[in-house]
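Trainee: what's the 3D shape of this:
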Amino acid sequence: MSKQAYRPPLADRLRALGGKIAFGLTVVVIVSPAILVFLWMLSLAFKNEVENMAYPPEFLPSAPTLANFVKVFEASPFALFTWNSIIVSGASTVIALMVGVPAGYGIAKARASGLAVLILISRMTPGLSYLIPLFILFRFLGLTGTLWPIIITHLVITLPIVVWIMIGFYEDLHPELEEAALIDGANLWQGFLYVALPLSRPGIVVAAILSFIFSWNNFIFGVVLAGRETRTLPVAVYNVLTFEQVSWGPLAAAALIVTLPVLILTIFVQREIVSGLAAGGVKGA
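Mentor: Below you'll find the model as predicted:
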């Protein structure tokens, strides 16, 4: 006699269906404003100025044009600013990983919760509070007008992110593996390098991606510390604004140029982000 597959009662199935519907509606409510803003920015970037100023607003361009992108690249050296952003975000992320991953491991193993809270507070502190002393220091050292002040100040953003994420990740690692390495004769540094570090790859990937994105989008440090040739992309978007009028087409095109690299990066590494989240890489974040 064949066994029939168990089917939950109708009330349980309806409850599960209602939960899925509620979850879907919640996701739509949360995500739809960001999607709407992005689509509207996309529409502005491909419309001419007459359509952008039309009332009532027209969402779809009658004749899509690339003139706004051409105008942006003609008005400013956006290729140089893109290269500056890549250097600043990449360097600040790499330095933060080199310092923050061992620091997160040490704090997690020492159970120094007070130091972890201090790092979280430093992440929550507004960047403006660091600007004046750092600007005076960089001017004294003769570094103003170079990329180094921006890279160093971006560590204020990237380093706490890396440390905080890695603390949560290393707290979830089973200590038996490291203890086995120590029993076999390895020292603490070798246990971290050959045991803990390879296992923490998902957490490192998540920390690197978030650090790069936050650094790429930062505006306040660049607008104060950058020179004419060392501006980053967010500062370049701000410089698209003029005193005569707001040209929505070029402004949207410039904003799209800034957003596109990070968006492409997120799409390509989303699997790594999900695996890092599932592995506990952002516990407590």
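Trainee: shouldn't residue 154 be in contact with residue 216?
Mentor: No: Residue 154 is not in contact with residue 216 according to CB atoms under 8 Å; the separation is 9.4 Å. Quick note: C-beta positions are derived from backbone N, CA and C, even for glycine.
Trainee: looking at those two, which one has more neighbours?
Mentor: Each of residue 154 and residue 216 has its neighbours counted (other CB atoms under 10 Å); residue 154 has more, 27 against 23.
Trainee: against residue 262, how distant is the more buried one?
Mentor: Shown here: residue 154 relative to residue 262, a distance of 15 Å by CB to CB, to the nearest Å.
Trainee: buried residues in the regular element (helix or strand) spanning residue 264?
Mentor: Remark: residue 264 resides in helix 248-268, with elements defined by DSSP states H and E. Neighbour-count burial for helix 248-268, with 16 or more other CB atoms under 10 Å as criterion, is recorded at 248-259, 261-262.
Trainee: got the CA coordinates for it in CSV?
Mentor: Presented in CSV, the C-alpha positions along helix 248-268 are these (Å, rounded to 0.1, in the frame of the first residue of the first chain):
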residue,chain,number,x,y,z
TRP,A,248,18.7,68.1,-15.7
GLY,A,249,19.8,66.0,-18.6
PRO,A,250,23.6,66.4,-18.1
LEU,A,251,23.1,66.1,-14.4
ALA,A,252,21.3,62.8,-14.7
ALA,A,253,23.8,61.6,-17.2
ALA,A,254,26.7,62.3,-14.8
ALA,A,255,24.8,60.7,-12.0
LEU,A,256,24.3,57.6,-14.2
ILE,A,257,28.0,57.4,-15.0
VAL,A,258,28.7,57.4,-11.3
THR,A,259,26.1,54.8,-10.4
LEU,A,260,26.7,52.4,-13.3
PRO,A,261,30.1,50.9,-12.2
VAL,A,262,28.9,50.1,-8.7
LEU,A,263,25.6,48.7,-10.1
ILE,A,264,27.5,46.4,-12.5
LEU,A,265,29.8,45.3,-9.7
THR,A,266,26.9,44.5,-7.4
ILE,A,267,25.1,42.5,-10.1
PHE,A,268,28.2,40.4,-10.9
